[in-house]
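Student: Here you go, sequence then predicted model.
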Amino acid sequence: MLYTAVTLDAETKSFYSLTVSAIDQGNAATRKQSSAKVKIYVEDTNDNDPIFDKAEMTVWIDENMPAGSSVTTVRAKDKDRGENAYISYLIANLVKVPFEVEHFSGVVKTTQLLDYESMRREYVLRLRASDWGLPYRRQTEMVLTVKIKDINDNRPQFEKIECTGHVPRYIPIGSEIITLSAIDFDAGNIISYRIVSGNEDGCFTVDATSGTVSVSCDLSELRVAERELNITATDGTHFADIARVHFKLVNSKRNLGSPSRILEDETGAFDCKDTGVARRLTEVLAAAENNNKPPVQEEFAMMPTRYGQNVHSPEFIDFPIEIKVNESVALVTTLTKLKARDRDLGYNGKLIYGISGGDEHSVFCIDMDSGELKVIGYLDREREQEYLLNITVYDLGNPQKSASRVLPITVLDINDNAPKFEKAVASFRVTENALNGTAIFRANATDADAGDNAKVTYSLVTDTKDFAVERTTGILTVSNNLDRERQELYELRIRATDGGGKGPDNPPLYSEALVRITIDDINDNAPQFSLSSYTVKIREDIPMWSVVAVVSASDPDLGPEGEVIYSLEDTDNEEDPKFKIDRLSGTIRTTKALDFEERQVHSLVVCASDRGNPALSSEVSVTINVVDVNENYFAPVFDEFVFSGSVAENQPVGTVVMEVNATDNDPPGEDSRIEYSIRGGDGIGIFSIDNK
């Protein structure tokens, strides 16, 4: 099983070439190995958020820029590949703002004219860069602060215009006759006033700062009955529309005293048209104040449940307390499907599952996406009866959050192990006189399974009545009289059977051990003669030390107990016996000349004894009949030393081949009667001779 040792990153390294070696367990000199190349291509996943060049940026723009004007360009990069690295942009503010961003270029533009005086003077934009990855897009945000610069785009406006009234001719020089007020919506502009026309004679002046019109000459000297002054206001760039002040010069003789403001529009001396600019200014100021209140945080960024930080950690749902599985479970069997949830959205809520510990033998795997836990290796309860898997679920947020739980998996036993003997082959020796019930050997077999599957019973497979094995203890005992001479070696097969067999898929298993029992000999057999008695005939004229007979006895015992020694007992009770037996070979010989006339029958008792302690023996009777022999002085003599003859092949049986002749010089009678016989040389007996 090949595992990752560290977290892989396709952006850092996308290809690995590994050499995997398989080495046997031989000694260093004879160890063998083979190798295989494993090429691993790391496929890109959407695991990187886009990154803006700048996390925060501030730009200034002039008010009154036309809609569609470029404000700035934002850029983000993504380390992933392919569509995972394609980036599009959007403005994520919840409240509508007068800006837009081109989806692919990142160019921020205005969508309407901006007015410093009446609109917000500072906008905080949440610009979001999203990649095109699946199943979710990864996103990141930056803060773009757009500040509006005030420009001089408003002309001063008079509060009152088209003023008409009258002014006494005798008013002192320096007297103020009317004050005109102009308002400029631009901030910080200084308004100055001037008379554009109608004051060619210089009889009137206007204060450039306050807009107050004063008399600067003696009006009584003027010959006209009325005057009209055209006054304007300027902020240095723009001029207000002309404010006309039309008044009549009246001949009033009131004692006016020193110069003073005697003619005010509010006294009714002048009647002016109200332009409403003061009211509009109040409205603009109110709107500006409202629009420029400090923003509420949620006004700009989406709520965490929609987008933002990885707020929540994953949590398991209905996590199993324990899983039990038979060790015979098939590969790729699904044990359970784990479930978890994350209240975040997108990659912050996208979950993957993994086994982070406890799988020492690499027999489990979990599907990263579905959470299905499967068996991928063969389970063996005898190797490991419980696994404590550390199951971890991760989200794909940044920073990544996770949760872990320990899942106990109990491996249930099946009868997959046969009993195993401590010794598969054992040898013992026992004497043949061992009593019934004598314990020879205790078979000990163990079964790696559990419960009934591990209970072992014993039986004797070999068909014999001489030994038996106890069913539960495995003790092998003698159950019959042993006889080494009957059977010297036993090869017994003892079977150990477990307690399986609860069903067709769970049969009992067994194993066998070979026990060799050698039966040791004891001296329990006396020598046995080959015949129950011996009877021989001998001529009285045989020489001394001639062989009379050979007796044979055997002892099936081993060693000295099977070695036979012969001795002779003469029943004639002669002081000087005529016969002697070889103690090792059992050969009986004459020790003296025999005489038929003296004794015709000799009765001997031969004793055969072994060398055991105590020795065992047996006896047999040997009867020797002495045959009378007359004095036969001459032996028969053939006429020729060599006789030659011939016969044609294919002659019938009985065809005469030749005739031989012999003579005996003894006197007529039995001693000179001749009998013929073939002593040898006739092959397989194809010739015969007439004995007469």
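Tutor: Perfect, I can see it now. Numbers count the residues shown, from 1 in each chain.
Student: Walk me through the domains of this protein.
Tutor: Domain assignment of the chain by the TED database yields the ranges 157-283, 315-412, 420-520, 528-627, 634-691.
Student: which one of those domains lies closest to residue 125?
Tutor: Distance to residue 125, taken as C-beta to C-beta, is lowest for domain 315-412 among the domains of the chain, at 21.0 Å. In this view, the C-beta of every residue, glycine as well, is placed from N, C-alpha and C.
Student: first to last residue in that closest one, what's the distance?
Tutor: End-to-end distance for domain 315-412, by C-alpha to C-alpha, to the nearest Å: 29 Å.
Student: separation between the closest residue to residue 123 other than its chain neighbours and residue 57?
Tutor: Once flanking residues are discounted, residue 123 sits nearest to residue 146: 4.4 Å by C-beta to C-beta, 6 or more residues apart in numbering. Using C-beta to C-beta, to the nearest Å, residue 146 is found at 9 Å from residue 57.
Student: Who has more neighbours out of these two?
Tutor: For residue 146 versus residue 57, the count of surrounding residues by other C-beta atoms under 10 Å is larger for residue 146: 23 against 17.
Student: Distance of that one relative to residue 114?
Tutor: Counting by C-beta to C-beta, the separation of residue 146 from residue 114 is 9 Å.
Student: which residues do the two both contact?
Tutor: Common contacts of residue 146 and residue 114 (C-beta atoms under 8 Å, 6 or more residues apart in numbering): residue 61.
Student: just so I have it, where are all the helices in this structure?
Tutor: With DSSP state H as the criterion, the chain has helices at 277-291.
Student: among the helices and strands of it, which has the poorest mean pLDDT?
Tutor: Ranking every helix and strand in the chain by mean pLDDT, DSSP states H and E puts helix 277-291 at the bottom, with a mean of 76.
Student: neighbours around residue 636, how many?
Tutor: 14.
Student: Would you confirm that it contacts residue 666?
Tutor: No: counting by C-beta atoms under 8 Å, residue 636 does not reach residue 666; the two are 9.0 Å apart.
Student: residues in contact with residue 584?
Tutor: By C-beta under 8 Å, 6+ apart, the neighbours of residue 584 are 565, 566.
Student: still on that earlier bit, switch the domains of the chain over to JSON lines; also include distance to residue 7.
Tutor: What follows is the domains of the chain, written out as JSON lines (distance: least, C-beta to C-beta, whole Å):
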{"stretch": "domain 157-283", "distance to residue 7": "56"}
{"stretch": "domain 315-412", "distance to residue 7": "10"}
{"stretch": "domain 420-520", "distance to residue 7": "40"}
{"stretch": "domain 528-627", "distance to residue 7": "79"}
{"stretch": "domain 634-691", "distance to residue 7": "100"}
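Student: about what we covered before: name the helices or strands packed onto the least confident helix or strand of the chain?
Tutor: When contacts are defined as 3 or more C-beta pairs under 8 Å, 6 or more residues apart in numbering; DSSP states H and E, helix 277-291 sits against strand 182-183.
Student: contact partners of the strand it packs on?
Tutor: So strand 182-183 is contacted by 156-159, 191, 193, 211, 233, 240, 243, 277-278, 281 (C-beta under 8 Å, 6+ apart).
Student: Give me the subset of those lying in strands.
Tutor: The members of these that map onto strands under DSSP state E are 157, 158, 193, 233, 243.
Student: Around the nearest residue to the fourth one once chain neighbours are set aside, how many other residues sit close by?
Tutor: I take that to be residue 233. Nearest-residue entry for residue 233: residue 182, 3.5 Å, with adjacent residues in sequence omitted and distances by C-beta to C-beta, 6+ apart. A count of nearby residues for residue 182, using other C-beta under 10 Å, gives 25.
Student: For residue 182, name its beta-bridge partners.
Tutor: Per DSSP bridges, the residues bridged to residue 182 are residue 158.
Student: got any residues that touch both of residue 636 and residue 666?
Tutor: Residues touching both residue 636 and residue 666 (C-beta under 8 Å, 6+ apart): none.
Student: now, which of the ones in strands among the contacts of strand 182-183 sits nearest residue 382?
Tutor: Closest to residue 382, out of all of those and judged by C-beta to C-beta, is residue 157, at 99.8 Å.
Student: list the contacts for residue 610?
Tutor: Applying C-beta under 8 Å, 6+ apart to residue 610 gives the contacts 523, 525-527, 555, 557, 560-565, 616-617.
Student: and which of these is nearest to residue 494?
Tutor: The shortest approach to residue 494 among the contacts of residue 610 belongs to residue 557, at 29.7 Å (C-beta to C-beta).
Student: quick one: that closest one from residue 537, how far?
Tutor: Counting by C-beta to C-beta, the gap from residue 557 to residue 537 is 34 Å.
Student: ok, the two, which is more surrounded?
Tutor: Neighbour tally, residue 557 and residue 537, criterion other C-beta under 10 Å: the higher count belongs to residue 557, 23 against 10.
Student: Is it correct that the more buried one is in contact with residue 525?
Tutor: Yes: at 5.1 Å, residue 557 counts as touching residue 525 under the criterion of C-beta under 8 Å.
Student: which residues do the two both contact?
Tutor: Common neighbours of residue 557 and residue 525 (C-beta under 8 Å, 6+ apart) are 485, 610.
Student: mind listing what the nearest residue to residue 179 once chain neighbours are set aside touches?
Tutor: Distances taken as C-beta to C-beta, 6+ apart place residue 212 nearest to residue 179, at 4.4 Å, with adjacent residues excluded. Contacts for residue 212 (C-beta under 8 Å, 6+ apart) come out as 176, 178, 179, 180, 206.
Student: Check the gap between residue 212 and residue 457 for me.
Tutor: 130 Å.
Student: same deal with residue 231?
Tutor: Using C-beta to C-beta, residue 231 is found at 130 Å from residue 457.
Student: Those two: which has the busier surroundings?
Tutor: residue 231 (26 against 19).
Student: my guess is the more buried one contacts residue 195, does it?
Tutor: Yes: with contact defined as C-beta under 8 Å, residue 231 reaches residue 195; the gap is 5.4 Å.
Student: Tell me the residues that contact both of these two, please.
Tutor: 206, 213.
Student: Burial check on residue 348, number of neighbours?
Tutor: The burial count for residue 348: 24, using other C-beta under 10 Å.
Student: which residues touch residue 563?
Tutor: Taking C-beta under 8 Å, 6+ apart, we find residue 563 in contact with 555, 610, 611.
Student: Give the closest residue to the second one in space, chain neighbours not counted.
Tutor: Closest residue to residue 610 in three dimensions, ignoring its sequence neighbours and counting by C-beta to C-beta, 6+ apart: residue 555, at 4.9 Å.
Student: Pretty sure the one you found sits against residue 526.
Tutor: Yes: taking C-beta under 8 Å as the definition, residue 555 is a contact partner of residue 526 at 7.2 Å.
Student: Comparing those two, which shows the higher neighbour count?
Tutor: Neighbours of residue 555 and residue 526, each counted by other C-beta under 10 Å, are more numerous for residue 555; the result is 24 against 18.
Student: give me phi/psi at that one?
Tutor: Taking degrees, to the nearest 10, you get phi -130, psi 120 for the backbone angles of residue 555.
Student: From residue 608, how far off is it?
Tutor: Look at residue 555 and residue 608: by C-beta to C-beta, they are 8 Å apart.
Student: Might you list the low-confidence residue ranges for the stretch 401-550 of the chain?
Tutor: Filtered on pLDDT under 70, the stretch 401-550 of the chain yields the residue ranges 503-506.
Student: No more questions from me, cheers.
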